[in-house]
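K.L.:
build me a model:
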Amino acid sequence: MTDELEPVDLAWTDNGHMAIEWPDGRKSTYSPEFLRSICPCAECQGTHGTVPKAFKIVTSRQVQTADKQTQIRQVKPVGTYAIAFTWGDGHDHGIYTWPFLRSHG
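P.N.:
Purely as a prediction, here's the structure:
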């Protein structure tokens, strides 16, 4: 099923959003803020039995660098089934599979 969901096209819009065209013709657009808010990593989602950490700003240093949380520094493929982002604050643990992105489009 992953092959059926592999994007036909992945591009960036003029306003910095990621745009995906799917094999069935559907188009999805994702803002960097939205992508970071849905980060699927265990740390952000709290799947280790801890409180989810996505956007939990608690220190003055974190407040000063909050805008970096949604700056995409790098995008890299993960096999043929996903992509991963490196964010401006250094976070890079989330693997965004094609089915995951499609379900959030």
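K.L.:
what's stretch 80-94 in contact with?
P.N.:
Defining contact as C-beta atoms under 8 Å, 6 or more residues apart in numbering, one finds that stretch 80-94 is touched by 2, 6, 10, 35-36, 39-44, 65, 67-78, 95-98, 100. Every C-beta, even on glycine, is put in place using the N, C-alpha and C of the backbone.
K.L.:
so which of these belong to strands?
P.N.:
10, 72, 73, 74, 75, 76, 77, 78, 95, 96, 97 (DSSP state E).
K.L.:
selecting buried members of those residues in PyMOL, what would you type?
P.N.:
To isolate the buried members of the ones in strands among the contacts of stretch 80-94 in PyMOL, using 16 or more other C-beta atoms under 10 Å:
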select buried, resi 95+96+97
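K.L.:
export the ones in strands among the contacts of stretch 80-94 to JSON lines and tack on distance to residue 88 and pLDDT?
P.N.:
Formatted as JSON lines, the entries for the ones in strands among the contacts of stretch 80-94 read as follows, by distance: C-beta to C-beta, whole Å; pLDDT from 0 to 100:
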{"residue": "10", "distance to residue 88": "20", "pLDDT": "95"}
{"residue": "72", "distance to residue 88": "8", "pLDDT": "94"}
{"residue": "73", "distance to residue 88": "6", "pLDDT": "95"}
{"residue": "74", "distance to residue 88": "10", "pLDDT": "96"}
{"residue": "75", "distance to residue 88": "13", "pLDDT": "96"}
{"residue": "76", "distance to residue 88": "15", "pLDDT": "96"}
{"residue": "77", "distance to residue 88": "20", "pLDDT": "96"}
{"residue": "78", "distance to residue 88": "20", "pLDDT": "97"}
{"residue": "95", "distance to residue 88": "19", "pLDDT": "97"}
{"residue": "96", "distance to residue 88": "17", "pLDDT": "98"}
{"residue": "97", "distance to residue 88": "23", "pLDDT": "97"}
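K.L.:
since that was my last question, I'll sign off now.
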